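Asks: Predicted model and sequence below, questions to follow.
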Amino acid sequence: MNKLSYLLYFVSFILVTGCVGSSKIVSTTNQAPSERKTVMESTTMTETRPDGTVVVTEKIIYTDADGKKTTAINIKEAPVSPPKQSENEPAETTTPTVTTPTVKVPETPIVQADNIVEIQGKKYTRNPDGTLTAIEGNIPTPPTVKVPDTPIVQADNIVEIQGKKYTRNPDGTLTAIEGNIPTPPTVKVPDTPVLQADNIVEIQGKKYTRNPDGTLTAIEESIPTPPTVKVPDTPVVEVPAPPAVAVETPTITTPDTTVETPPAPTAASGIDTAREANYMTEREKNMIKEINLVRSDPTGYIPLVNEYREQVKRTTFTDANFAKEELRAIEDLIRELQLMSPIAILQPRETLHNTAKAHGNEMKARNKTGHVGNDNSYPWDRITRDDPSLEDGNENLVGGPDEVRKSVMLLLVDSGIPGYGHRKTLLNPTWKYVSCYEVGEVQGFPHYWVQNFAK
């Protein structure tokens, strides 16, 4: 029995030693590629209800490395439905009515005297502090004082008010006059005089001489009107313009010593490093821009993660544990971005893109995903082999979402992956170069991507 136990122990040791000894050397960065992160199917349905409500339903089928599928249904805006009514229960539509008390505004008080007012038939005394005290007895209303008509001026010191005449005293008071004083005649203002000469005027067809004191003396006989003197127009004298003398000013050329400083790149232009890479598609350039966005501004990327978290909360999953794991990984990502400083943005590299493209086409041809190539090569093997000037590299594989940002978000959240390997690859500060290649559909996964990183 003891010999058999020793024999079994010895065989097990040989087997274990052989497995370890035959294991392949991994990347010098000690980051083995993580399992694929994929979405098997993603469909979106939009429905418009008769009441105008728009309902968008998104159905996503996730799959892990073991082939386990999880279906997620996300309704972005649910319609507003009335509460269900029982058939035998009468509908109650009674709305409680809130009655507002009617406030009666008292009538405008009638002023009877300086300190007496009347409100709704009752009289009050106005106190110095502005309050009112009711008066039990009746106080006779003071007589109404009628303002006299505008006085008619009869002379400089005589006025007539309501048919009676008064003398205006120097202090402005009036003294009644018992007898009648004849009204002075009305003086009619003559028409505007017609100017005949310097000292002669004509008023209503009659001519008068203007005296030095300003009075007028009538002239019995007619004086002929002096002839009208026409003043000739002012002659126009044309002065010839002096001949133009052309003076040629010598041109002095000053050398331009201004040094033009190129404008500082904005955040948007700084992270879009692949914009001029003609060997990439527009979507591939946008994925590199998204990767550089989170690397250059980790805390600024948190609002986008929060939006994704709210979307997950609104989603109904067939596997409740899947949702819990996704939310837990999101919270961990937010904490990591809060503590993280900006790291260098990545530059595109054509040799790195060719490596990603070759491996992507290889997976598409065999219709099978994975990091290991047909020649048993690993990502860092292919990267350093195709470009010997590179020291090391790694790879991410993701598929499913149509949106570029959502594919990057799946790799950043990286739920269900031990150690968040995809996230660590994306946020590795030692990388200098990046390339993204969109393969297409592989093994039933749409929008499959290969991301290669190197230094």
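Replies: Arrived safely. Residues are numbered from 1 along each chain as shown.

Asks: which ones are touching Y279?
Replies: 350, 353 (CB atoms under 8 Å, 6 or more residues apart in numbering). To be clear about C-beta, it is placed using only N, CA and C from the backbone, and glycine gets the same treatment.

Asks: Now the phi/psi pair for P50, please.
Replies: The phi/psi pair for P50 (degrees, to the nearest 10) reads phi -60, psi -30.

Asks: so what pLDDT did it get?
Replies: Here the pLDDT value assigned to P50 is 81.

Asks: before we move on, what about E118?
Replies: With respect to pLDDT, E118 scores 76.

Asks: Now the element after the helix or strand encompassing it, going C-ward?
Replies: Using DSSP states H and E, E118 falls within strand 116-119. The first helix or strand that comes after strand 116-119 along the chain, using DSSP H and E, is strand 122-126.

Asks: ok, T44 touching E58?
Replies: Yes: with contact defined as CB atoms under 8 Å, T44 and E58 form a contacting pair (5.0 Å).

Asks: Settle it for me: which of those two has more neighbours?
Replies: Using other CB atoms under 10 Å as the criterion, T44 and E58 rank with E58 on top: 17 against 12.

Asks: Pretty sure the more buried one sits in a strand.
Replies: Yes: according to DSSP: H, G, I helix; E, B strand; the rest coil, E58 belongs to a strand.

Asks: residue contacts, it?
Replies: Residues in contact with E58 (CB under 8 Å, 6+ apart) are 42-45, 73-76, 315.

Asks: just to revisit the earlier point, run me through the strand neighbours of the strand holding E118, direction for each.
Replies: strand 110-111 (antiparallel), strand 122-126 (antiparallel) (DSSP bridges).

Asks: Buried ones in the last one, by neighbour count?
Replies: Right, strand 122-126. Applying a neighbour-count criterion of 16 or more other CB atoms under 10 Å, one finds 123-124, 126 buried in strand 122-126.

Asks: can you give me the helices in the stretch 201-350 of the chain?
Replies: In the stretch 201-350 of the chain, the segments counted as helices under DSSP state H, counting those that start in this stretch are 267-271, 282-296, 302-313, 320-339, 350-366.

Asks: now for the fourth one, which elements pack on it?
Replies: I take that to be helix 320-339. Judged by 3 or more CB pairs under 8 Å, 6 or more residues apart in numbering; DSSP states H and E, the packing partners of helix 320-339 are strand 69-75, helix 302-313, helix 404-413.

Asks: mind redoing it with 10 Å?
Replies: Under the contact criterion of 3 or more CB pairs under 10 Å, 6 or more residues apart in numbering; DSSP states H and E, helix 320-339 touches strand 69-75, helix 302-313, strand 315-317, helix 404-413, helix 421-426.

Asks: Could you list the alpha-carbon positions for the last one in PDB?
Replies: What follows is helix 421-426 as a C-alpha-only set of coordinates in PDB (Å, rounded to 0.1, in the frame of the first residue of the first chain):
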ATOM      1  CA  GLY A 421      -7.600  42.400 -17.300                       C
ATOM      2  CA  HIS A 422      -9.200  44.300 -20.200                       C
ATOM      3  CA  ARG A 423      -9.300  47.500 -18.100                       C
ATOM      4  CA  LYS A 424      -5.700  47.200 -17.000                       C
ATOM      5  CA  THR A 425      -4.700  46.800 -20.700                       C
ATOM      6  CA  LEU A 426      -6.600  49.900 -21.700                       C
END
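
Asks: average model confidence for whichever helix or strand comes after that helix?
Replies: Using DSSP H and E, the helix or strand that directly follows helix 421-426 along the chain is strand 433-442. In this model, strand 433-442 has a mean pLDDT of 96.

Asks: partners of T209 in the sheet?
Replies: Assigned bridge partners for T209, using DSSP bridges, are I200, T217.

Asks: still on that earlier bit, of all the helices of the stretch 201-350 of the chain, which one comes closest to N157?
Replies: Smallest distance to N157 across the helices of the stretch 201-350 of the chain (CB to CB): 91.4 Å, for helix 302-313.

Asks: ok so, going back, now, of the helices of the stretch 201-350 of the chain, which is deepest in the fold?
Replies: Neighbour counts (mean count of other CB atoms under 10 Å) averaged over each of the helices of the stretch 201-350 of the chain peak at helix 282-296, with a mean of 21.

Asks: by contact count, what packs against that one?
Replies: helix 267-271, helix 302-313, strand 347-348, helix 350-366, helix 404-413, helix 421-426, strand 433-442, strand 445-454.

Asks: who's in contact with the second one?
Replies: In other words, helix 302-313. 58, 72, 74, 76, 290, 293-294, 322-323, 326-327, 330-331, 333-335, 337-338, 405-406, 408-410, 412-413, 415 (CB atoms under 10 Å, 6 or more residues apart in numbering).

Asks: And for the closest residue to M280 other than its chain neighbours, the neighbour number?
Replies: Leaving aside its chain neighbours, M280 sits nearest to A274 (5.7 Å; criterion: CB to CB, 6 or more residues apart in numbering). Other residues lying near A274 total 24 when counted by other CB under 10 Å.
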